[in-house]
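Student: 3D model of this:
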Amino acid sequence: MPTDLPNLLTLSRIAAIPLLVVACALRDPWADVAACAVFSAAAITDYFDGKLARQRQQISDLGRMLDPIADKLLVGAALMLLAGMGRLTDFGLFPAIVILLREILVSGLREYLAGLSVGLPVTRLAKWKTGFQMGALGTLLAGDSGARVLGLSFLPVSLIGELMLWTAAALTLVTGWDYLQAGLRHVGARDAPPPAPPPPAPERARSPLRS
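Tutor: Prediction:
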């Protein structure tokens, strides 16, 4: 049901995107802190919605459909805001491209394999990738301006965020390659020609009838 708590948490990630856009558009240090807080709260729901759904046995087709969509919308919006508003350096733009392309790749693979009734399980390494990715984006949304208003100006927050983004991009390449290989195995299995039927057994020679 859409009103189940896990599904509401998933929907809240989508609802957080307009708030994130407005906070970034204000271009104010406190708004940067607010953008970081909104994104971080939305990212945390990604952990709790699945956990609650399993604990309460409220796993539904709607939740399975919305969960990856909400994740990719939130990550895509954050990456585009950071790139479009000049919050990423040239050094940080490349891992952002890698992450965005990987999301498109995995979405395409999941869509194809769904037609074969095959799922792509989330690996432990993919969970680490998600953790670094969400942490990096939240840090970059706060930026050095947000760190200053919080009294953390001694920390190179933007640099830390970009280093975390590079780590997430490296994990993205590894997990993306794993998913691609898994998808190609199913494609190869489907395209393989069916095994040839065994040759018919030779007929036994009939003995002539005796008169």
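Student: now do the helix or strand hosting Tyr47: distance to the chain's middle.
Tutor: Using DSSP states H and E, Tyr47 sits within helix 29-55. Offset of helix 29-55 from its chain centre (Cα atoms, centre = their mean, to the nearest Å): 15 Å.
Student: helices or strands up against that helix?
Tutor: The helices and strands touching helix 29-55, judged by 3 or more Cβ pairs under 8 Å, 6 or more residues apart in numbering; DSSP states H and E, are helix 5-26, helix 61-84, helix 124-149. C-betas here are computed from N, CA, C, even on glycine.
Student: quick one: buried residues of the first one?
Tutor: It stands for helix 5-26. For helix 5-26, the neighbour count (16 or more other Cβ atoms under 10 Å) marks 6-7, 9-11, 13-14, 16-17, 19-20, 23-24 as buried.
Student: tell me the least confident of these?
Tutor: Model confidence across the buried residues of helix 5-26 bottoms out at Pro6, which has 76.
Student: what's near enough to touch the closest residue to Phe48 other than its chain neighbours?
Tutor: Counting by Cβ to Cβ, 6 or more residues apart in numbering, Leu9 is the residue found nearest to Phe48 once chain neighbours are left out, at 5.9 Å. The contact partners of Leu9, by Cβ atoms under 8 Å, 6 or more residues apart in numbering, come to 45, 48-49, 52.
Student: nearest to Glu111, of those residues?
Tutor: Asp49 (21.3 Å; Cβ to Cβ).
Student: neighbours around that closest one, how many?
Tutor: Asp49: 25 surrounding residues under other Cβ atoms under 10 Å.
Student: quick one, longest helix in this protein?
Tutor: The longest helix of the chain (DSSP state H) is helix 157-191.
Student: quick one: that helix to helix 61-84, angle?
Tutor: For helix 157-191 against helix 61-84, the angle by axes from the mean of the first three to the mean of the last three Cα atoms, to 10 degrees is 130 degrees.
Student: any chance of TSV for the helices and strands packed on helix 29-55, columns distance to Ala170?
Tutor: Formatted as TSV, the helices and strands packed on helix 29-55 follow (distance: least, Cβ to Cβ, whole Å):
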stretch	distance to Ala170
helix 5-26	25
helix 61-84	16
helix 124-149	9
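Student: between the ones you listed, which gets nearest to Gly108?
Tutor: So among the helices and strands packed on helix 29-55, helix 61-84 is nearest, using Cβ to Cβ, at 11.7 Å.
Student: now what about that closest one, what contacts it?
Tutor: Here helix 61-84 has contacts from 1-2, 4, 6-7, 10-11, 13-14, 16-17, 20-21, 24, 39, 42-43, 46, 49-50, 53, 87-88, 92-93, 96, 99-100, 103, 107, 110, 130, 133-134, 137, 140-141, using Cβ under 8 Å, 6+ apart.
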